[in-house]
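S.K.: Structural data only, the sequence is not supplied:
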(Lines give C-alpha, C1' and ligand atoms only; values in the text may rest on other atoms or scores of the structure.)
Protein backbone atom coordinates (compact mmCIF):
# COMPACT_ATOMS: atom_id res chain seq x y z
CA UNK A 1 0.00 0.00 0.00
CA UNK A 2 0.92 3.67 -0.15
CA UNK A 3 3.49 4.92 2.32
CA UNK A 4 3.63 8.17 4.23
CA UNK A 5 3.50 11.15 1.89
CA UNK A 6 4.50 14.73 2.55
CA UNK A 7 4.00 17.95 0.66
CA UNK A 8 5.56 20.06 -0.56
CA UNK A 9 8.85 18.26 -1.06
CA UNK A 10 10.67 21.59 -1.05
CA UNK A 11 9.65 24.96 0.30
CA UNK A 12 11.58 28.20 0.06
CA UNK A 13 10.23 31.13 2.00
CA UNK A 14 11.27 34.51 3.23
CA UNK A 15 12.00 35.24 6.84
CA UNK A 16 8.87 36.28 8.69
CA UNK A 17 6.42 34.39 6.48
CA UNK A 18 4.21 31.57 7.69
CA UNK A 19 4.45 28.08 6.19
CA UNK A 20 2.32 24.95 6.31
CA UNK A 21 3.70 21.47 5.83
CA UNK A 22 1.40 18.55 5.17
CA UNK A 23 1.64 14.89 6.07
CA UNK A 24 -0.58 12.02 4.89
CA UNK A 25 0.06 8.98 7.08
CA UNK A 26 -0.39 5.37 6.10
CA UNK A 27 -4.08 4.53 6.06
CA UNK A 28 -5.20 3.01 9.34
CA UNK A 29 -2.21 4.23 11.36
CA UNK A 30 -3.39 5.94 14.51
CA UNK A 31 -0.09 7.44 15.57
CA UNK A 32 1.60 10.29 13.71
CA UNK A 33 4.91 11.98 14.48
CA UNK A 34 6.79 15.04 13.32
CA UNK A 35 10.57 15.28 13.47
CA UNK A 36 13.05 17.89 12.31
CA UNK A 37 16.45 17.15 10.80
CA UNK A 38 18.79 20.11 10.83
CA UNK A 39 22.26 20.16 9.34
CA UNK A 40 24.65 19.09 12.05
CA UNK A 41 21.86 18.66 14.61
CA UNK A 42 20.52 15.26 13.79
CA UNK A 43 16.89 14.29 14.03
CA UNK A 44 14.82 15.76 16.82
CA UNK A 45 11.31 14.93 17.91
CA UNK A 46 8.72 17.70 17.60
CA UNK A 47 5.22 16.38 18.30
CA UNK A 48 3.12 13.25 18.13
CA UNK A 49 -0.57 12.42 17.89
CA UNK A 50 -2.22 9.23 19.07
CA UNK A 51 -5.84 8.76 18.13
CA UNK A 52 -8.08 11.23 19.92
CA UNK A 53 -5.68 11.83 22.79
CA UNK A 54 -4.14 15.23 23.38
CA UNK A 55 -0.96 15.52 21.33
CA UNK A 56 2.45 15.43 22.97
CA UNK A 57 3.93 18.80 22.04
CA UNK A 58 6.96 18.59 24.26
CA UNK A 59 9.43 18.77 21.36
CA UNK A 60 8.15 21.93 19.71
CA UNK A 61 11.00 24.47 19.89
CA UNK A 62 8.85 27.60 20.27
CA UNK A 63 5.28 28.82 20.22
CA UNK A 64 5.71 29.70 16.55
CA UNK A 65 5.34 25.99 15.86
CA UNK A 66 1.98 24.27 15.95
CA UNK A 67 0.43 21.18 14.45
CA UNK A 68 -2.99 19.72 14.04
CA UNK A 69 -4.40 16.47 12.85
CA UNK A 70 -7.81 16.47 11.27
CA UNK A 71 -10.09 13.46 11.38
CA UNK A 72 -7.34 11.31 12.78
CA UNK A 73 -5.57 11.28 9.44
CA UNK A 74 -3.86 14.19 7.67
CA UNK A 75 -1.64 16.44 9.75
CA UNK A 76 -0.41 19.96 9.14
CA UNK A 77 2.65 21.48 10.79
CA UNK A 78 2.53 25.27 10.80
CA UNK A 79 5.49 27.52 11.43
CA UNK A 80 4.65 31.18 11.96
CA UNK A 81 7.02 34.07 11.38
CA UNK A 82 9.72 31.77 10.06
CA UNK A 83 13.33 32.34 11.05
CA UNK A 84 16.49 31.23 9.28
CA UNK A 85 17.18 28.69 12.01
CA UNK A 86 13.92 26.96 11.05
CA UNK A 87 15.61 25.78 7.85
CA UNK A 88 15.67 22.00 8.02
CA UNK A 89 14.08 18.86 6.65
CA UNK A 90 10.79 18.16 8.38
CA UNK A 91 9.96 14.48 8.52
CA UNK A 92 6.64 12.89 9.30
CA UNK A 93 6.18 9.30 10.43
CA UNK A 94 3.24 7.10 11.31
CA UNK A 95 2.76 3.80 13.10
CA UNK A 96 -0.21 1.56 13.77
CA UNK A 97 -0.29 2.91 17.31
CA UNK A 98 2.05 4.77 19.61
CA UNK A 99 3.33 1.63 21.24
CA UNK A 100 6.84 0.46 21.68
CA UNK A 101 6.30 -2.58 19.51
CA UNK A 102 5.56 -0.60 16.41
CA UNK A 103 8.01 0.52 13.79
CA UNK A 104 7.66 4.12 12.70
CA UNK A 105 7.34 4.56 8.95
CA UNK A 106 8.78 7.78 7.60
CA UNK A 107 7.81 10.00 4.71
CA UNK A 108 10.36 11.56 2.35
CA UNK A 109 10.32 14.87 4.19
CA UNK A 110 9.85 18.51 3.32
CA UNK A 111 13.00 20.56 2.91
CA UNK A 112 12.33 24.05 4.24
CA UNK A 113 14.68 26.89 3.38
CA UNK A 114 14.15 30.24 5.04
CA UNK A 115 15.97 33.07 3.27
CA UNK B 1 17.20 12.67 29.19
CA UNK B 2 18.19 10.05 26.67
CA UNK B 3 21.28 10.81 24.60
CA UNK B 4 22.33 8.65 21.68
CA UNK B 5 25.79 8.62 20.16
CA UNK B 6 27.02 6.87 17.03
CA UNK B 7 30.56 6.01 16.17
CA UNK B 8 32.13 6.34 13.68
CA UNK B 9 30.57 9.36 12.00
CA UNK B 10 31.73 8.09 8.63
CA UNK B 11 33.09 4.81 7.34
CA UNK B 12 34.39 3.66 3.98
CA UNK B 13 34.91 -0.01 3.26
CA UNK B 14 35.57 -2.09 0.15
CA UNK B 15 32.79 -4.28 -1.16
CA UNK B 16 32.51 -7.65 0.50
CA UNK B 17 33.74 -6.61 3.94
CA UNK B 18 31.80 -7.31 7.09
CA UNK B 19 31.36 -4.23 9.24
CA UNK B 20 29.96 -3.07 12.57
CA UNK B 21 28.26 0.22 13.35
CA UNK B 22 28.07 1.30 16.96
CA UNK B 23 25.38 3.08 18.90
CA UNK B 24 25.49 4.01 22.59
CA UNK B 25 22.77 5.45 24.77
CA UNK B 26 22.74 6.97 28.24
CA UNK B 27 19.37 5.82 29.60
CA UNK B 28 19.48 2.09 30.28
CA UNK B 29 15.69 2.11 30.75
CA UNK B 30 15.44 1.99 27.01
CA UNK B 31 12.18 0.53 25.78
CA UNK B 32 13.21 -0.29 22.26
CA UNK B 33 15.91 0.52 19.78
CA UNK B 34 15.54 0.93 16.05
CA UNK B 35 18.05 1.07 13.26
CA UNK B 36 17.22 3.08 10.14
CA UNK B 37 18.95 3.85 6.90
CA UNK B 38 18.64 7.16 5.13
CA UNK B 39 19.56 7.66 1.51
CA UNK B 40 20.45 11.18 0.29
CA UNK B 41 17.35 13.31 -0.11
CA UNK B 42 15.12 10.53 1.12
CA UNK B 43 13.25 9.70 4.30
CA UNK B 44 14.18 6.99 6.74
CA UNK B 45 13.71 3.29 6.13
CA UNK B 46 13.36 1.09 9.18
CA UNK B 47 15.80 -1.82 9.19
CA UNK B 48 15.43 -3.53 12.53
CA UNK B 49 13.59 -2.93 15.79
CA UNK B 50 14.76 -4.55 19.04
CA UNK B 51 12.48 -4.60 22.06
CA UNK B 52 14.03 -4.17 25.50
CA UNK B 53 13.37 -7.84 26.26
CA UNK B 54 15.31 -8.95 23.18
CA UNK B 55 19.04 -9.24 22.65
CA UNK B 56 19.18 -9.19 18.87
CA UNK B 57 17.28 -9.13 15.62
CA UNK B 58 18.29 -10.36 12.20
CA UNK B 59 17.12 -9.52 8.72
CA UNK B 60 19.05 -10.90 5.78
CA UNK B 61 22.63 -9.65 5.96
CA UNK B 62 21.83 -7.38 8.89
CA UNK B 63 22.05 -8.26 12.55
CA UNK B 64 21.41 -5.81 15.36
CA UNK B 65 22.17 -6.44 19.00
CA UNK B 66 21.13 -4.65 22.16
CA UNK B 67 22.96 -4.65 25.49
CA UNK B 68 21.01 -2.51 27.92
CA UNK B 69 23.45 -2.95 30.78
CA UNK B 70 26.30 -1.40 28.82
CA UNK B 71 24.09 1.05 26.93
CA UNK B 72 25.13 -0.22 23.53
CA UNK B 73 23.69 -1.49 20.30
CA UNK B 74 25.54 -2.64 17.24
CA UNK B 75 24.47 -3.12 13.65
CA UNK B 76 26.42 -5.81 11.84
CA UNK B 77 26.37 -5.81 8.05
CA UNK B 78 27.71 -8.92 6.39
CA UNK B 79 29.27 -9.02 2.94
CA UNK B 80 28.74 -5.32 2.29
CA UNK B 81 27.59 -4.15 -1.13
CA UNK B 82 27.72 -0.73 -2.84
CA UNK B 83 23.94 -0.57 -2.41
CA UNK B 84 24.46 -0.51 1.34
CA UNK B 85 25.96 2.98 1.03
CA UNK B 86 23.76 5.28 3.07
CA UNK B 87 23.57 6.97 6.45
CA UNK B 88 22.61 4.62 9.26
CA UNK B 89 20.76 6.01 12.25
CA UNK B 90 19.93 4.38 15.53
CA UNK B 91 17.09 5.64 17.69
CA UNK B 92 15.92 4.74 21.15
CA UNK B 93 12.53 4.96 22.78
CA UNK B 94 12.75 5.32 26.54
CA UNK B 95 10.32 3.91 29.06
CA UNK B 96 7.41 6.26 29.51
CA UNK B 97 8.12 8.03 26.27
CA UNK B 98 8.45 5.03 24.01
CA UNK B 99 6.90 6.82 21.11
CA UNK B 100 9.37 9.68 21.09
CA UNK B 101 12.49 8.38 19.48
CA UNK B 102 15.83 9.93 20.33
CA UNK B 103 18.16 9.67 17.36
CA UNK B 104 21.89 9.47 17.06
CA UNK B 105 23.63 11.67 14.51
CA UNK B 106 24.27 8.72 12.23
CA UNK B 107 27.11 6.89 10.54
CA UNK B 108 27.66 7.68 6.88
CA UNK B 109 28.70 4.44 5.18
CA UNK B 110 30.31 4.19 1.78
CA UNK B 111 30.95 0.80 0.24
CA UNK B 112 33.40 1.03 -2.63
CA UNK B 113 33.88 -1.30 -5.57
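M.R.: Sure, I can see it. As the structure is a prediction and not an experimental result, all values here were calculated from the model.

S.K.: Contacts only, for the closest residue to residue A:25 other than its chain neighbours.
M.R.: Once flanking residues are discounted, residue A:25 sits nearest to residue A:94: 3.4 Å by Cβ to Cβ, 6 or more residues apart in numbering or on different chains. In short, each C-beta sits where N, CA and C put it, glycine included. With contacts defined as Cβ atoms under 8 Å, 6 or more residues apart in numbering or on different chains, the neighbours of residue A:94 are A:4, A:23, A:25, A:26, A:29, A:31, A:32, A:33, A:104, A:105.

S.K.: Next one: residue A:94 from chain B, what distance?
M.R.: 11 Å (Cβ to the nearest Cβ, to the nearest Å).

S.K.: and that residue, that's in a strand?
M.R.: Yes. Counting by DSSP: H, G, I helix; E, B strand; the rest coil, residue A:94 is located in a strand.

S.K.: among the contacts of residue A:94, which are in strands?
M.R.: Per DSSP state E, strands hold the following members of those: A:23, A:31, A:32, A:33, A:105.

S.K.: which among the residues you listed gets closest to residue A:42?
M.R.: residue A:33 (15.4 Å; Cβ to Cβ).

S.K.: close enough to count as contact, the closest one and residue A:50?
M.R.: No. Counting by Cβ atoms under 8 Å, residue A:33 stays clear of residue A:50, with 9.6 Å between them.

S.K.: Can you report how many residues lie near the closest residue to residue A:17 other than its chain neighbours?
M.R.: Among residues not flanking residue A:17 along the chain, residue A:82 sits closest, at 5.7 Å (Cβ to Cβ, 6+ apart). Neighbours of residue A:82 under the rule other Cβ atoms under 10 Å in any protein chain shown: 21.

S.K.: Pretty sure residue A:82 sits against residue A:18.
M.R.: Yes. With contact defined as Cβ under 8 Å, residue A:82 reaches residue A:18; the gap is 7.0 Å.

S.K.: count of neighbours near residue A:84?
M.R.: 9.

S.K.: That one touches residue A:15, doesn't it?
M.R.: Yes. Between residue A:84 and residue A:15 there is a contact under Cβ under 8 Å: 6.1 Å.

S.K.: what do the two both touch?
M.R.: A:114, A:115.

S.K.: if I look at residue B:89, how far off is chain A?
M.R.: Going from residue B:89 to chain A by Cβ to the nearest Cβ gives 7 Å.

S.K.: Give me the sheet partners of the helix or strand where that residue lies and which way each runs.
M.R.: Per DSSP states H and E, residue B:89 falls inside strand B:86-94. Using DSSP bridges, strand B:86-94 pairs in its sheet with strand B:30-38 (antiparallel), strand B:101-103 (antiparallel), strand B:107-112 (antiparallel).

S.K.: mean confidence for the longest one?
M.R.: In this case it means strand B:30-38. Across strand B:30-38, pLDDT averages out at 90.

S.K.: now whichever helix or strand comes after that strand, how far from the centre of its chain.
M.R.: Next helix or strand after strand B:30-38 toward the C-terminus (DSSP H and E): strand B:44-51. Remark: strand B:44-51 is offset 8 Å from the chain centroid, using Cα atoms, centre = their mean, to the nearest Å.

S.K.: Check what contacts strand B:44-51 and list those residues.
M.R.: A:91, A:93, A:100-101, A:103-106, B:31-39, B:56-59, B:62, B:64-66, B:73, B:75, B:88-89.
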